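Q: Just need the structure, nothing else, for what follows:
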Amino acid sequence: MVGLTVVEVPATGLQQNLSAEPLLIQRTNTLPMAAFRKGSLDRQKTRELADALLKAGRFRDAEEVLRKLLVWFPKDEDIQRKAIWAYEGQEQPQKALPIYDRLLQLHPNDAVLSVAAAKTSEWAGNRQKALRLYSGVIAAGRGNNTINAEYADLLVLDRQFEPAVTRYRELWRAGKLQRKQAVSFANALMTMKESAEAAAVITALAKSYPDDTEVLQAEAELAYSRKEYARASALYRELITKKPELPLFYLRLAGMAMAAGNYTESIKVCRELLQIHADNSDALLLIAQLSSWQRDYDTSLATYDRLIAANPSPLYYREKARVLGWMTQYENALAEYDKVIRIYPENSALKAEAAAKREYYRHAYRHTLQAYQLWLEAEPLHPEALFDLGQLYMQQGRWSDAASTYDELLAALPDHQMAISAREKTKQYVSLTQAESGAEFFKAISGGRLTDVAFSGYYTTFSRQVHDNLSLFMKLDSRFYHFDEISLTPISHAMTIGIEYRNQPIILLRAASGWRQNSDGLKDSQTGYAEAISTPVDNLHLGIGFHREEVIQNATTYRNHLQTSRWQGRIVYDGYHRWYAGADYALDLYSDGNALVTAGADLTARLLYDPERLNISYRIQEYAFNERRTTYWTPSSFVTHTAGIEWRHHFQNAELFQGGNDSYFSSAFRLSLEPGGNVSHQVQAGFHHDWSQHFSSSLEYQYTWDTSASIYQDRRLKSEFLWRF
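A: Numbering: from 1, shown residues only. Predicted coordinates for the structure are as follows:
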């Protein structure tokens with residue numbers, strides 16, 4: 001804008017009435033230049049020719065003549081000023097600056113010359129020099145209202161809003177601001193979040209200029225800054241009506257809808273713009289982004305391909321790769337990153353993002369953390385990097401780290417909906433009490449296995465975070481038992497109190513102690529457990545534990561107060577999302593002197609991974625009792641082979657980001673080959689729904705049956721409710 005002002009009205013005042021007649025030049029056209037190039041014009045005629053060429057707007061020819069004159073008259077200021085005019089007329093401000101410098105050495109106190117040099121400096125891209133020149137004029141006391149206002153304009157362009165607002169305010173109160181500068185004043189106030197004063201300025205402008213589009217746009221921006229999205233949208237619709245050819249108003253209206261969470265409307269506005277400007281890259285980019293947020297991935301990817309075909313840019317490749325990652329097409333996403341790195345090998349930020357995403361997709365916490373720190377060094381405050389990093393902390397239960405990361409992101413992008421949702425979750429984990437209540441019915445019937453038990457019950461677990469790494473919990477549990485072989489229907493009430501220390505992935509420690517009270521003269525019991533879980537290296541998980549609990553397998557074990565102390569350990573390797581393998585070993589020491597050793601290994605392949613999950617698995621397990629017992633099932637050593645398939649379908653939150661509300665249906669079917677040719681079957685189905693950030697529920701059903709129903713069968717129905725308050 002400053003440059004255009006210089007071109008239209010040169011501040012040097014060189015548009016003076018020259019002595020030569022420009023019409024003569026237009027009539028004869030090439031004759032004077034031909035004579036000049038032949039060297040047949042004397043010095044006076046050459047000066048007259050330069051004047052006439054400038055008046056006629058033939059700046060290139062004028063420059064040629066003036067170069068000759070500067071050789072003849074190197075110290076002639078009039079010729080130097082005319083040379084500036086010729087350069088500026090050709091939009092070559094860089095060539096004019098050295099001449100301004102020479103003139104300013106001769107006339108350092110010439111305010112008009114200093115301001116003209118400042119405008120040309122800004123035009124040439126040297127804003128700091130322009131600011132110094134304006135500041136020098138004002139400091140010397142030679143500034144007026146116009147110069148002060150122009151200086152404030154320049155400060156705004158340099159994003160020095162506070163000193164700009166100070167100067168604007170003085171001029172506004174004195175009634176010396178022009179309309180454009182008053183609008184700039186209002187916008188600067190909004191940038192500084194001084195909306196009340198901005199509203200007063202805009203209201204006054206609206207009264208004086210009721211039909212001015214810039215004032216109307218400032219009104220719309222003010223409404224947007226106050227999150228008055230309906231009013232802002234109406235104002236931008238009015239602006240579109242006034243100037244339907246301007247893309248800016250469509251884009252701002254689309255931004256309003258996006259900020260309000262109405263992505264469908266935002267895409268609709270972008271398509272309106274594309275009907276006028278079919279290749280508007282801003283509208284296409286917004287459609288690509290919003291389509292991916294709505295999980296319309298086909299539209300998103302096709303639009304990115306269109307943008308790449310029209311104007312290859314690292315941004316488009318990078319965002320396309322991110323979408324592929326959100327779709328959990330990790331191999332395709334990494335291939336896209338590799339492709340763009342080959343095209344732009346010098347782009348360090350691109351390489352940093354690709355490296356970070358590669359580790360993130362592997363769930364390799366330590367390597368991922370290092371990679372994201374490098375990405376943020378290359379691109380500080382990058383929204384995608386900050387959001388992923390927050391998710392990484394959430395997955396590890398590092399609530400304070402997650403919260404501070406989301407806060408950093410939301411300070412830059414207050415309307416980032418997924419970050420808002422995830423941040424709310426971190427607040428709940430840290431500051432709210434969590435209550436998990438459930439009701440359960442279970443019944444097992446068997447022949448020779450002596451596992452006939454039925455119960456119904458309910459329970460509630462309260463947990464509260466008392467420190468970033470420390471939480472306390474208490475579980476209240478009641479069960480009502482029924483045994484077919486006796487008339488006894490005992491009731492059991494239990495309370496368990498525990499503590500958990502979480503510093504993942506290094507260590508998670510959990511310990512609890514409980515007391516169970518039984519009715520009908522049955523003995524009470526002490527229960528408890530201690531567990532430790534660690535990920536010593538990325539993708540390798542270790543767990544050990546000790547559990548002390550009752551063995552309620554049938555009426556006899558209940559009446560005999562049979563208990564077990566169980567020592568167990570497990571190791572799991574998670575192989576890049578697509579598979580994982582585990583092995584475990586356990587020793588059960590029964591209170592009647594018996595012992596059970598179990599050892600097993602399993603392998604799971606993930607055929608589909610997020611948002612649809614489809615797993616197939618195989619497990620081999622060996623059981624070995626020390627002694628046979630007639631009161632409960634203790635066969636000799638035997639091995640089982642189990643194969644299963646599990647499927648989960650998500651209805652919401654298809655990207656499965658941590659902290660997002662979710663609803664899903666799950667089902668499973670398993671077959672176990674047991675000794676003697678027996679085959680055990682199991683079906684399982686469940687439904688989970690997050691009703692809000694604070695409340696969720698789930699329902700699960702399981703049915704197990706053997707080849708012969710007389711061997712074993714069971715049914716389980718369980719419902720759970722989770723809320724935070």
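Q: for the one helix or strand R566 maps to, which positions count as buried?
A: Using DSSP states H and E, R566 falls within strand 563-575. The neighbour-count check on strand 563-575 (16 or more other C-beta atoms under 10 Å) flags Q563, T564, R566, Q568, R570, V572, D574 as buried. Placement of C-beta: from N, CA and C, glycine included.
Q: Distance across stretch 47-64, terminal residue to terminal residue?
A: 12 Å (C-alpha to C-alpha, to the nearest Å).
Q: ugh, wrong one, stretch 480-495
A: 15 Å.
Q: Give me the residue ranges of the stretch 601-725 of the chain where confidence is low.
A: 610-611, 652-661, 709-710 (pLDDT under 70).
Q: which residue ranges form the strands in it?
A: 613-625, 638-650, 663-673, 679-690, 695-706, 712-724 (DSSP state E, counting those that start in this stretch).
Q: re earlier: tell me which strands the strand holding R566 pairs with, and in which orientation.
A: Sheet pairing of strand 563-575 (DSSP bridges) gives strand 540-550 (antiparallel), strand 579-590 (antiparallel).
Q: Now do it: everything it contacts.
A: For strand 563-575, contacts defined as C-beta atoms under 8 Å, 6 or more residues apart in numbering pick out 363, 525, 539-551, 580-591.
Q: where in the protein is pLDDT low?
A: 1-31, 448, 576-577, 610-611, 652-661, 709-710.
Q: so what are the domain limits for it?
A: Listed by automatic domain parsing, the domain ranges of the chain are 1-143, 432-724.
Q: so can I have CSV of the strands paired with strand 563-575 showing mean neighbour count and distance to Q417?
A: CSV is the format used below for the strands paired with strand 563-575 (neighbours: other C-beta atoms under 10 Å; distance: least, C-beta to C-beta, whole Å):
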stretch, mean neighbour count, distance to Q417
strand 540-550, 16, 32
strand 579-590, 16, 32
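Q: In TSV, list the ones you listed along with distance to L189.
A: Formatted as TSV, those follow (distance: least, C-beta to C-beta, whole Å):
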stretch	distance to L189
strand 540-550	55
strand 579-590	57
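Q: Report the contact partners of D61.
A: M33, L53.
Q: For L239, which of the domains of the chain is the nearest?
A: domain 1-143 (19.7 Å; C-beta to C-beta).
Q: Centre of the chain to that closest one, how far?
A: 52 Å (C-alpha atoms, centre = their mean, to the nearest Å).
Q: And stretch 583-601, by the same measure?
A: 47 Å.
Q: circling back: and the domains of the chain: which comes nearest A149?
A: domain 1-143 (9.8 Å).
Q: quick one: which of the strands of the stretch 601-725 of the chain is nearest F462?
A: Closest among those, using C-beta to C-beta: strand 712-724, at 10.8 Å.
Q: Show me what that closest one is packed against.
A: Judged by 3 or more C-beta pairs under 8 Å, 6 or more residues apart in numbering; DSSP states H and E, the packing partners of strand 712-724 are strand 433-446, strand 695-706.
Q: Can you point out the buried residues in the longest one?
A: In this case it means strand 433-446. Q434, E436, S437, G438, E440, F442, K443, A444, I445, S446.
Q: among those, which two are most distant?
A: Q434 and S446 (37.0 Å).
Q: if we can go back for a sec, closest one to A288 out of the buried residues of strand 563-575, please.
A: Using C-beta to C-beta, these come closest to A288 at D574, 32.5 Å.
Q: Could you give the bridge partners of that closest one?
A: Y580.
Q: which one of the domains of the chain lies closest to R318?
A: domain 432-724 (17.3 Å).
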